[in-house]
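Trainee: could you look at this predicted model? Sequence included:
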Amino acid sequence: MSLIQLPARETSSTAQKITAQTLLDRKQAREPITALTAYDYCTARIVDQAGIDMILVGDSLGMAVLGYDSTLPVTMDEMLHHTRAVRRGVRHALLVADMPFGSYHASTEQAIGNATRFIKEAGAEAVKIEGGRNRAALVAALTQVEIAVVGHIGLTPQSVHRMGYRAQGKTTAAIDELLADALALESAGAIAIVLECVPREVGGLITAALAIPTIGIGAGPECDGQILVFHDLVNLTGATPAKFVRRYADASTLFSEAIQHYASDVRGGVFPADVESYHLPREASAELLAREPLKRSR
């Protein structure tokens, strides 16, 4: 399988640290923003060193790494655990953590308490919450206590039982609702907004209307940036990809072939070979050979 070749970027050891202001500067300069999910140290280190601007510890980890059927069962403890792991691998990117379902729905106090845990305990630099005008007051409250917030409108996976997994914003009324949601989140202090599964034209309209960046996933190339789930990008999900996914590598096949090769070598007695084995020093080896052979007890 041939891979799509991408231009080289600065590594995280030499690149500028990305902040909310960096994202705003990118929008104003019309320089596209890159974003990916990561759920563990190893993946985060690879993504960060590749020069990705924003890393999201998404509640999509529920399906990608925990085997849930949706994002809804994901807990605060699970999100904090994975965010801490990702934090250890990130030096360059802006680190954003998803607030899971139920962690910000009961009250503003609950939301501030849980968001604070992401910042203090896990090292996140912003949190992401789903919803539009109904979350504007919460975004404002979080912003007032110095917690940066990324909004998320369009298809919101935590609302799966209400809206399902289908594109949003296909009528004039629905477009007006999304635009009002985006403007309300911006006015409340959101540093960026994820637009998921909306028509390209709608993504462009909202992007043009906002002073803050839009990060699209299935929302067209007119958005200020793009995000994908890492496991979709490299084919580790084992599921049929959504329309908006482009696969840049086939890690599933790569890993499978490597594991099968390893198992074959073990069964065939060719792994480990002498080069992968340790040896006693000459004196100790001679001393061992001089001993009486040990008999197995029956």
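Mentor: The structure has been received and is ready for your questions.
Trainee: give me the nearest residue to the most centrally placed residue in the chain, chain neighbours excluded.
Mentor: Closest residue to the average C-alpha location of the chain: residue 37 at 1.3 Å, with CA atoms, centre = their mean. Spatial nearest neighbour of residue 37, chain neighbours left out: residue 58 (4.5 Å); criterion: CB to CB, 6 or more residues apart in numbering. Quick note: C-beta positions are derived from backbone N, CA and C, even for glycine.
Trainee: go on, residue 73?
Mentor: Residue 73 sits nearest to residue 62 (CB to CB, 6+ apart), 6.1 Å away.
Trainee: what secondary structure does the spatially closest residue to residue 69 that is not a sequence neighbour sit in?
Mentor: What sits nearest to residue 69 in space, not counting adjacent residues and going by CB to CB, 6+ apart, is residue 63, at 7.2 Å. The three-state label given to residue 63 by DSSP: H, G, I helix; E, B strand; the rest coil is helix.
Trainee: from residue 237, how far off is residue 63?
Mentor: Residue 63 sits 8 Å away from residue 237, going by CB to CB, to the nearest Å.
Trainee: what does the host helix or strand of residue 25 contact?
Mentor: Using DSSP states H and E, residue 25 sits in helix 20-28. The contact list for helix 20-28 (CB atoms under 8 Å, 6 or more residues apart in numbering) reads 16, 32-33, 53-54, 94, 125-126, 148, 191-192, 211-213, 224-225.
Trainee: contacts for stretch 29-36?
Mentor: Residues contacting stretch 29-36 (CB under 8 Å, 6+ apart): 23, 26-27, 47, 51-56, 213, 215, 224-230, 233.
Trainee: where in the stretch 51-200 of the chain is pLDDT low?
Mentor: Counting by pLDDT under 70, not a single residue of the stretch 51-200 of the chain qualifies.
Trainee: isn't residue 133 up against residue 178?
Mentor: No - using CB atoms under 8 Å, residue 133 is not in contact with residue 178, being 10.4 Å away.
Trainee: may I have stretch 58-69 exported as CSV, CA atoms only?
Mentor: C-alpha atoms of stretch 58-69 as CSV (Å, rounded to 0.1, in the frame of the first residue of the first chain):
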residue,chain,number,x,y,z
GLY,A,58,-11.1,12.5,22.9
ASP,A,59,-13.8,10.5,24.6
SER,A,60,-13.7,8.5,21.3
LEU,A,61,-11.2,6.5,23.3
GLY,A,62,-14.3,4.7,24.5
MET,A,63,-14.6,3.0,21.1
ALA,A,64,-11.0,3.2,19.9
VAL,A,65,-9.2,1.7,22.9
LEU,A,66,-11.7,0.6,25.5
GLY,A,67,-14.1,-1.3,23.3
TYR,A,68,-17.4,0.5,24.2
ASP,A,69,-20.2,0.9,21.7
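Trainee: how is this structure carved up into domains?
Mentor: The chain breaks down by automatic domain parsing into domains covering 20-249, 254-289.
Trainee: what's the most buried one of those?
Mentor: domain 20-249 (a mean of 19; mean count of other CB atoms under 10 Å).
Trainee: how much space separates the residue nearest to the centre of the chain from residue 158?
Mentor: For residue 37, the distance to residue 158 equals 16 Å [CB to CB].
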